[in-house]
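[1] I'd like to go over a predicted model; first the sequence, then the structure.
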Amino acid sequence: LARPRNASDDRINELPEVLLSDILSRLGTAEAARTVVLSTRLRDAWLATPLRLDDLELPVPARGKVPSIEPWTARADVVTRALDSHPGPVALFRLSRTSFRGRVPAAEAWFRQLAAKRAREVSLCFSPEWCHDALADPLLGCPTLRVLALGKCHLSDAGASAAAAAALTELTLSETCISEAALQSVLSGCPALRSLVLKHVHGLQRIRVSSCRSLILLGVWHYKQLDEITVEDAPCLERLLGNMRLNAAITVTGAPKLTAFGYAVVSQSDSMGFFAHTLQGVNKGLRAPIHSVKILAISVKFSSKKDMEKVMSLLESFPCLETLHFQSSDYRSGADKDYTTVSDYIQKRYPIRCVARYLKSIILECEQHNPGMLEF
């Protein structure tokens, strides 16, 4: 028979260390910090458990007791102490409301520590007005890194040329400064990349993705002055997404699995050179149809006849469409009228092959109306 327990028994110390580590790995950042003070064994188990640090789980100082900027900068001190006290590895490092304005050297020290401590997922999403622009080069050399999301940071050409993140599968750059040469170096140094998302990235007029044989998703958002998007030899690419205007030359070759494309932004101010001369499919030659694309998204002003004619020209390049997304910016008297306009153009005025053979539904999004669907 098991001996009876009394109130003075220390049951925590009797648990195996692997179980203590498993318990701590399931706790949030603040909960884990409060738990490890209960015993020395928990403290030792925490040091042996991969660190998970998310500033959304850190305590916030009460309003009115400190100036409004201090709650954000106070978290930076907590982050520094946590990284200094933990030997690694780092399973998660996520900051979305920690400001290091005026503390850029401290932030760059974090990046060096994360690389040295074998970080797996790093996500830095900051408010644009904070203007950090810390140099994040050390993260590109972390061989264990799998997910990297950078906001308001800077990547140098020298740091990118030394990129060796062999395990990196997801890369997101937002409000980040990087040159065209540096982007090429990063892509070459990350052979396992499956997702590349670029949002408001500074320093790019041309985006060239070549020989990224693991890439499945390419996202390019808010590039009004972008001159060129080129995708070559991407055999696994399935989705090319973003806000792509007609004045950008978009070339897609060697992407036989490309299934979803858009939003293509149709505007009167843009020329038709994009569709007529530069959009290519997996076959060589001008305006070769892309048969693999089944989902196409277009942003257009329905009230403009010229814009709708451009849309009809675009559809000729995608003969096997099954789903067509329309985003309208000129909501007038209701979605039903917009449906009638779309249906009239597609079904009556322009008998396009993809509509007659394959198209199953049109999804319409208006600024002042919920998305609706028109089925065939």
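    Cool, got the structure. This is a predicted model, so every value here is computed, not measured.
[2] What about the closest residue to residue 298 other than its chain neighbours, how many residues nearby?
    Excluding the flanking residues, the one nearest residue 298 by Cβ to Cβ, 6 or more residues apart in numbering is residue 264, at 5.2 Å. Every C-beta, even on glycine, is put in place using the N, C-alpha and C of the backbone. Neighbourhood size, residue 264 [other Cβ atoms under 10 Å]: 23.
[3] quick one, what contacts residue 264?
    244, 246, 296-299, 314 (Cβ atoms under 8 Å, 6 or more residues apart in numbering).
[4] taking these one by one, which sit in helices?
    residue 314 (DSSP state H).
[5] From the contacts of residue 264, which land in strands?
    244, 296-299 (DSSP state E).
[6] Buried residues, the helix or strand hosting residue 115. List them.
    Secondary structure assignment for residue 115, by DSSP states H and E: helix 104-116. Residues of helix 104-116 classed as buried by neighbour count (16 or more other Cβ atoms under 10 Å): 107-111, 113-115.
[7] Run through the neighbouring helices and strands of that helix.
    Under the contact criterion of 3 or more Cβ pairs under 8 Å, 6 or more residues apart in numbering; DSSP states H and E, helix 104-116 touches helix 70-85, strand 90-95, strand 134-135, helix 137-140.
[8] Apart from its chain neighbours, what residue comes closest to residue 181?
    Nearest one to residue 181, counting by Cβ to Cβ, 6+ apart, is residue 157 at 5.6 Å.
[9] residue contacts, the one you found?
    So residue 157 contacts 179, 181-182, 185 (Cβ under 8 Å, 6+ apart).
[10] before we move on, what about residue 327?
    Taking Cβ under 8 Å, 6+ apart, one finds 263, 297-300, 365 in contact with residue 327.
[11] Which residues are in contact with residue 141?
    Contacts of residue 141 (Cβ under 8 Å, 6+ apart): 115, 159, 162-165.
[12] gap between it and residue 327?
    Using Cβ to Cβ, to the nearest Å, residue 141 is found at 40 Å from residue 327.
[13] What of residue 125?
    25 Å.
[14] Tell me where the model's unsure across the stretch 201-350 of the chain.
    Applying pLDDT under 70 to the stretch 201-350 of the chain flags the ranges 223-224, 246-247, 268-288, 329-350.
[15] again, only this time at 50
    Scanning the stretch 201-350 of the chain for pLDDT under 50 picks out 272-286, 333-337, 339.
[16] residue ranges of the helices in it, please?
    Taking DSSP state H, counting those that start in this stretch as the criterion, the stretch 201-350 of the chain carries its helices at 273, 305-315, 335-343.
[17] about what we covered before: most neighbours, which of the contacts of residue 157?
    residue 182 (23 neighbours).
[18] for that one, what are its contacts?
    Residue 182 is in contact with 155-157, 159-161, 203, counting by Cβ under 8 Å, 6+ apart.
[19] which of those are buried?
    155-156, 159-161.
[20] So for the contacts of residue 182, which is the shakiest by pLDDT?
    Within the set of those, pLDDT is lowest for residue 203 (86).
[21] Would you agree that one is in contact with residue 181?
    No: when contacts are counted by Cβ atoms under 8 Å, residue 203 is not listed as touching residue 181 (9.7 Å).
[22] For residue 301, what are phi and psi?
    Dihedral pair for residue 301: phi -100, psi 110, per degrees, to the nearest 10.
[23] Now for it, how many residues are close by?
    By other Cβ under 10 Å, the residues close to residue 301 number 15.
[24] Same question for residue 361.
    By the measure other Cβ under 10 Å, the count of residues near residue 361 is 12.
[25] pretty sure it contacts residue 324?
    Yes: between residue 361 and residue 324 there is a contact under Cβ under 8 Å: 7.5 Å.
[26] Just confirm residue 24 is within a helix.
    Yes: counting by DSSP: H, G, I helix; E, B strand; the rest coil, residue 24 is located in a helix.
[27] Tell me who's in contact with the spatially closest residue to it that is not a sequence neighbour.
    Distances taken as Cβ to Cβ, 6+ apart place residue 49 nearest to residue 24, at 4.8 Å, with adjacent residues excluded. Applying Cβ under 8 Å, 6+ apart to residue 49 gives the contacts 21, 24-25.
[28] will you turn these into a markdown table that also has pLDDT, neighbour count and distance to residue 250?
    Output for the contacts of residue 49, formatted as a markdown table (pLDDT from 0 to 100; neighbours: other Cβ atoms under 10 Å; distance: Cβ to Cβ, whole Å):
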| residue | pLDDT | neighbour count | distance to residue 250 |
| --- | --- | --- | --- |
| 21 | 74 | 17 | 49 |
| 24 | 72 | 21 | 48 |
| 25 | 73 | 15 | 44 |
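[29] And the residue nearest to residue 298, how far from residue 257?
    Residue 264 sits at a distance of 19 Å from residue 257 (criterion: Cβ to Cβ).
[30] Likewise for residue 245?
    25 Å.
[31] Cheers, nothing more for now.
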